[in-house]
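[1] sharing a sequence plus its predicted fold:
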Amino acid sequence: MKKYIAEFFGTFWLVLGGCGSAVLAANFGGEGNPLGLGFLGVSFAFGLTVLTMAYAVGHISGGHFNPAVSFGLFAGKRFSGSDLLPYIGAQVLGAILAGGVLFIIASGNGSLDLSGANPLATNGYGDYSPGGYGLLSALITEIVMTFMFLMIIMGATDRLAPGGFGPIAIGLGLTLIHLISIPVTNTSVNPARSTGVALFCGNGEIIAQLWLFWLAPIIGAVIAGWFYATFLETAVETRPLEPIEPALKK
């Protein structure tokens, strides 16, 4: 159970820290206020959640915190299929708890507005895209961004990669992904993250768009996992056995 608990709390922290920064702190005090995190700050917040939890509990569960990552690592032969559904269940439950906690906190001063395009930092396309991008743009963005995220994860945790630095590369990779794609979909690359906040937004149309933020990240992750395992995975180096006959003759 330890690895499932680790995935639960890791995903909880990712959603609470990342989406919480967007809801509570991105525009704190109004536009131009130096106390507000803004676009750049929210991107770093998501990266920091993964970085900190990867060091905190990554040694217990592998630090997925994302159903797409679990699918990608499974496709890359780094993860057992028997753990796939339990991991996803733990991740989604952690994300839902974080969404609920964020909703309660954000409602505390009476100014929470759920009528906007991205209430509670939800993801969307069309009318619910921060930049008004349509379905095709959102689909391509989520597939490509998740593909690159898994390529970073697979490479940073390869057996020949520098030891102990994987979480830094992965966290910075997620930061860069947000810097690119927040205007398009508000950045998902994580079905649990999208689901956890959408369930509390009170907008059925946003919930109806969740299919994209499950399908696209999983497609991108599976392709990346397969691609890395097939073309880039470092082979296990073995040293030929010494012949035993000369030793026996002695």
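    Received the coordinates, thanks.
[2] what about the helices in this structure?
    2-20, 38-61, 67-75, 84-106, 135-156, 166-185, 191-198, 204-208, 210-227, 245-249 (DSSP state H).
[3] low-confidence ranges in this structure?
    Scanning the chain for pLDDT under 70 picks out 30-34, 235-250.
[4] just to revisit the earlier point, turn the helices of the chain into TSV, columns for distance to Gly124 and mean neighbour count.
    Any C-beta I mention is one placed from the backbone N, CA and C, and that applies to glycine too. Compiled in TSV, the helices of the chain are given as follows (distance: least, C-beta to C-beta, whole Å; neighbours: other C-beta atoms under 10 Å):
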stretch	distance to Gly124	mean neighbour count
helix 2-20	14	23
helix 38-61	16	20
helix 67-75	18	27
helix 84-106	15	20
helix 135-156	8	21
helix 166-185	7	20
helix 191-198	9	29
helix 204-208	6	14
helix 210-227	9	21
helix 245-249	70	7
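[5] looking at these, which is nearest to Ala121?
    helix 2-20 (3.9 Å; C-beta to C-beta).
[6] which strands and helices sit next to that closest one?
    helix 38-61, helix 84-106, helix 191-198 (3 or more C-beta pairs under 8 Å, 6 or more residues apart in numbering; DSSP states H and E).
[7] okay if I get the helices of the chain as JSON lines plus distance to Asp127?
    Shown next, in JSON lines, are the helices of the chain (distance: least, C-beta to C-beta, whole Å):
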{"stretch": "helix 2-20", "distance to Asp127": "20"}
{"stretch": "helix 38-61", "distance to Asp127": "20"}
{"stretch": "helix 67-75", "distance to Asp127": "25"}
{"stretch": "helix 84-106", "distance to Asp127": "21"}
{"stretch": "helix 135-156", "distance to Asp127": "11"}
{"stretch": "helix 166-185", "distance to Asp127": "13"}
{"stretch": "helix 191-198", "distance to Asp127": "15"}
{"stretch": "helix 204-208", "distance to Asp127": "8"}
{"stretch": "helix 210-227", "distance to Asp127": "14"}
{"stretch": "helix 245-249", "distance to Asp127": "77"}
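[8] looking at the ones you listed, which is closest to Ala26?
    So among those, helix 38-61 is nearest, using C-beta to C-beta, at 5.2 Å.
[9] just give the nearest non-adjacent residue to Gln209, would you?
    Among residues not flanking Gln209 along the chain, Gly124 sits closest, at 5.2 Å (C-beta to C-beta, 6 or more residues apart in numbering).
[10] so how far is Ile88 from that neighbour?
    22 Å (C-beta to C-beta, to the nearest Å).
[11] swap in Val57?
    Val57 is 17 Å from Ile88, by C-beta to C-beta.
[12] repeat for Thr141
    22 Å.
[13] next one: Phe12
    For Phe12, the distance to Ile88 - C-beta to C-beta - is 15 Å.
[14] now do Ala106
    Taking C-beta to C-beta, one finds Ala106 at 26 Å from Ile88.
[15] now swap in Leu136 and tell me
    27 Å.
[16] tell me the contacts of Gly38?
    Ala26, Asn27 (C-beta atoms under 8 Å, 6 or more residues apart in numbering).
[17] how about a cut-off of 7 Å?
    Contacts for Gly38 (C-beta atoms under 7 Å, 6 or more residues apart in numbering) come out as Ala26.
[18] same thing with Ala161?
    Ala161 neighbours (C-beta under 7 Å, 6+ apart): Gly155.
[19] just Ile206 next, same as before
    Per C-beta under 7 Å, 6+ apart, neighbours of Ile206: Thr122, Gly124, Tyr128, Ala198.
[20] from these, which single one is nearest Gly62?
    Ala198 (25.8 Å).
[21] the closest one is in contact with Ile207, isn't it?
    Yes - judged on C-beta atoms under 7 Å, Ala198 makes contact with Ile207 at a distance of 5.2 Å.
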